[in-house]
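Colleague: sequence unknown, structure follows:
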């Protein structure tokens, strides 16, 4: 097999999907404005990074589900995606 296991990639992709779902739920249902208006307001207000960090909360549930099912490699993929999300929000905060 290759350097990165297939299960790690699956966990990574599921985590990215969960983050996008969390972001969509925030933008669509928490905000009173439309989708594009909310995105513009997040960028202008400088809170795009913290919203993405909050959108990563579903990763916690995915991580614990994989641990409960004893799928440790997929849980590693979720952890890797969460770390990538944290680095991305760090970059948005300071750049």
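Modeller: Happy to help now that I have it. Here the structure is a predicted model, which means the values were calculated and not measured.
Colleague: Please count neighbours and contacts with C-alpha atoms only from this point.
Modeller: OK.
Colleague: pLDDT at the spatially most central residue of the chain, what is it?
Modeller: Nearest to the geometric centre of the chain sits residue 19, at 2.9 Å (C-alpha atoms, centre = their mean). At residue 19, the model reports a pLDDT of 96.
Colleague: buried sites along stretch 46-61?
Modeller: Using 16 or more other C-alpha atoms under 10 Å as the test for burial, stretch 46-61 gives 48, 49, 50, 51, 52, 53, 55, 56, 57, 58, 59.
Colleague: CSV for those, including pLDDT and distance to residue 25?
Modeller: CSV is the format used below for the buried residues of stretch 46-61 (pLDDT from 0 to 100; distance: C-alpha to C-alpha, whole Å):
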residue, pLDDT, distance to residue 25
48, 89, 15
49, 89, 16
50, 90, 15
51, 92, 11
52, 93, 11
53, 91, 13
55, 93, 8
56, 93, 11
57, 94, 12
58, 94, 11
59, 95, 14
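Colleague: Let me know the closest of the residues you listed to residue 94.
Modeller: Distance to residue 94 across these (C-alpha to C-alpha) is lowest for residue 49, with 9.9 Å.
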